[in-house]
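Colleague: A predicted structure for the sequence below; I have some questions about it.
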Amino acid sequence: MKKFKIVLIFLLGILIGGSIMRFWPNDFFDKIFVWTEEQSELDYYKNKYNRFEALDEVLRLWYYDYEKINQDDMIKWAIKAYIDSIKDPYTVYMDAEQNSGFLGSLEWEENFEGIWAAVSKKEYYIQIEEVLKESPAMKAGLRPLDRIIAINTWYVKNESLDESIARIKWPAGTDVSLIIERYEKDDKREVFEVTITRENINLPSVESSVFEINGKKIWYIEMFLIWEETENIFKKEVSNLKSEWIEWIILDLRGNGWWLMPVAVEIVSHFVPKWQLIVSAKYKWYTDEKYYSRWFGEFEWIKTVVLIDWMTASAGEIIATALQEQAGAKLLGTNTFGKGTIQTLDEFSDWDSLKYTIWKRFPASDKNIDNIWIKPDITVEFDMESYLENNVDNQLEEAKSLF
C-alpha cells in the first residue's frame, strides 16, 4: 500500500512540476482539485470522493501503460486502506475470499484439529481475532490482535486468507512455525517466533465437576466460550446438581472471549435477581438496548469466585462484571482483555464484506471497559511452568483456599 501511495505521489509530482504540464490548460488541476469556501458540505464530500474519478482521468489520458492497470484491484486496495486508517483493529474490509475464510474460521465444532484461533486478513498480516481456551494457540501464548506475518518462514502478505488457514490448520500431531508481531497497549512492538503442535481437540463449551473442601461442596464450572448452545448445556449441568447441596461456586472464565451477548445475559440470570439490568448496548443513532436478567435464581444466594485472565473478553467480561457488581462475586486472576465493543458484518453483492464496530456495551455501573480491562479483586498471576510440568493450576488452587 505504501508503494502505491509513493508511486502516486511521485506521478503527480512529475506531472505538476515537469514538462508534460505544457499540454494542459493552466487551470486543469484547479478545476479538478480545488474547491471554494462557498461550496456546501454536500458538494465538498461529493467532490472529495470524486478524487478517484479525477485521478483515473489523469491516468487514462496520460499514463503510458494505462491498459495494464486493473482498476478493480486499485479501488479495492484503496478501500482497505481507507478502512484501516480508522485505527480500529476490529473494523476491517474483506474481499470475498477473505470474508469466506473469516466466516469459516468462526464455525464452532466440538471436534477439530489445528491450533484453533479465529483470524482475519489485514494488509500484510493475518490478525488473530479470538483464541480458544485450552487450544494449542492459547498454550503457545498467542493473544487476540496478535499479527501472524509468516507461516513456516513464508510471508502471508501476498496470499489469501484461505491459503494461510490451510497452512496453519492441518494435520494434528505436526508442528507449525509462526512469526508473530505484537503491539502492547503502550505501542511497544515485539516480533517473535513460536512453534505450535497442532492437536485433535474435543472440547465442549461447558464442563463442570463437584469437589469437597473442609466439608463444603464446591461446584467448579469451566466455560470455554459463549455460543448458541452454551445456555442449554449449562442448564443440563445445573439439573445434574439437584441431589447436591452446593455451598460455593467457582466459575472459570479464563480464556473465554466468545461471543454472544444474549447468552451471556442468560448465564448471569442464574446468579442475580429477576429484572436486574445486566448490560446496555449504546449505538450511534439507534435507541439504546437494555438487557435484563431473567429469573432462574438457582445460585442467587451462593457465594461465587470467578476466575479471569487477559483472554477473558467480550461475553466473558459481561458475565464477570455482572457477577462482581450485582452478585457480590470475587474476581480472581489477572486483568481481562478489555473489549467493550461489538461488531457486525455487512456483505455486499460480490461477497466482499465490511466488519465494523456498531456499538459499545456498558454494564449496570455504566462504565465502558474498552481498551481498559476489568481488574480482579484478588490478583494472582498464572504459573504456566507449574501447570505444564506438574499439572497444577495455581489460580484454581488459590480460589479453593478461600473456602
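Modeller: Great, that's in hand.
Colleague: Which parts of the protein belong to which domain?
Modeller: Using automatic domain parsing, the domain parsing of the chain gives 2-69, 92-202, 206-338+373-400.
Colleague: Turn those domains into a markdown table, including mean neighbour count and mean pLDDT.
Modeller: Backbone N, C-alpha and C define where each C-beta goes, glycine included. Listed next are those as a markdown table, based on neighbours: other C-beta atoms under 10 Å; pLDDT from 0 to 100:
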| stretch | mean neighbour count | mean pLDDT |
| --- | --- | --- |
| domain 2-69 | 11 | 58 |
| domain 92-202 | 17 | 83 |
| domain 206-338+373-400 | 18 | 89 |
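Colleague: how about those, which one is nearest Lys76?
Modeller: For the domains of the chain, the distance to Lys76 is smallest for domain 92-202, at 6.2 Å, taking C-beta to C-beta.
Colleague: can you give me how far the closest one is from the chain middle?
Modeller: 12 Å (C-alpha atoms, centre = their mean, to the nearest Å).
Colleague: Just the endpoints, please. Distance across that domain?
Modeller: 31 Å (C-alpha to C-alpha, to the nearest Å).
Colleague: could you pull out the helices for the stretch 201-350 of the chain?
Modeller: Here the stretch 201-350 of the chain has its helices, by DSSP state H, counting those that start in this stretch, at 230-239, 261-268, 315-326.
Colleague: so can I have a markdown table of these showing distance to Asp350?
Modeller: Output for the helices of the stretch 201-350 of the chain, formatted as a markdown table (distance: least, C-beta to C-beta, whole Å):
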| stretch | distance to Asp350 |
| --- | --- |
| helix 230-239 | 34 |
| helix 261-268 | 30 |
| helix 315-326 | 32 |
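Colleague: for this structure, longest strand please?
Modeller: Ranked by residue count, the top strand of the chain under DSSP state E comes out as strand 353-363.
Colleague: what's the helix or strand just after that strand packed up against?
Modeller: Per DSSP states H and E, strand 353-363 leads on to strand 378-379 as the next helix or strand towards the C-terminus. Applying 3 or more C-beta pairs under 8 Å, 6 or more residues apart in numbering; DSSP states H and E, one finds that strand 378-379 contacts strand 330-333.
Colleague: Tell me the helices and strands packed up against the strand it packs on.
Modeller: Strand 330-333 packs on strand 303-308, helix 315-326, strand 378-379, helix 394-400, going by 3+ C-beta pairs under 8 Å, 6+ apart.
Colleague: what comes into contact with the shortest one?
Modeller: It refers to strand 378-379. Strand 378-379 is contacted from outside by 330-334, 398, using C-beta atoms under 8 Å, 6 or more residues apart in numbering.
Colleague: Check stretch 71-84 too.
Modeller: By C-beta under 8 Å, 6+ apart, stretch 71-84 touches 1, 4, 52, 56, 91-93, 95, 122-123, 352, 354, 356.
Colleague: Now with 10 Å, please.
Modeller: 1-2, 4-5, 8, 52, 55-56, 59-60, 70, 91-95, 98, 121-123, 350, 352, 354-356 (C-beta atoms under 10 Å, 6 or more residues apart in numbering).
Colleague: what's the most distant pair in the contacts of strand 378-379?
Modeller: Among those, Lys330 and Thr334 lie farthest apart (C-beta to C-beta), at 14.1 Å.
Colleague: mind checking how far the most centrally placed residue in the chain is from Tyr283?
Modeller: What sits nearest the mean C-alpha location of the chain, by C-alpha atoms, centre = their mean, is Glu129, with 3.8 Å. According to C-beta to C-beta, to the nearest Å, Glu129 and Tyr283 sit 22 Å apart.
Colleague: Please apply the same query to Ala313.
Modeller: Distance from Ala313 to Tyr283, by C-beta to C-beta: 21 Å.
Colleague: cool, Ile246 as well?
Modeller: 39 Å.
Colleague: quick one: what helix or strand has Gln98 in it?
Modeller: helix 96-105.
Colleague: what's that helix packed up against?
Modeller: In terms of contacts (3 or more C-beta pairs under 10 Å, 6 or more residues apart in numbering; DSSP states H and E), helix 96-105 is packed against strand 92-94, strand 117-121, strand 126-131, helix 161-169, strand 341-347, strand 353-363.
Colleague: Show me what the closest residue to Phe234 other than its chain neighbours bridges to in the sheet.
Modeller: Leaving aside its sequence neighbours, Phe234 sits nearest to Val206 (C-beta to C-beta, 6 or more residues apart in numbering; 5.3 Å). With DSSP bridges as the criterion, Val206 is bridged to Met223.
Colleague: got the contact list for the nearest residue to Val194 once chain neighbours are set aside?
Modeller: Counting by C-beta to C-beta, 6+ apart, Val194 lies nearest to Ala140, which is 5.0 Å off, once chain neighbours are set aside. Contact partners of Ala140, counting by C-beta under 10 Å, 6+ apart, are 115, 117, 131, 176, 178, 180, 194-197.
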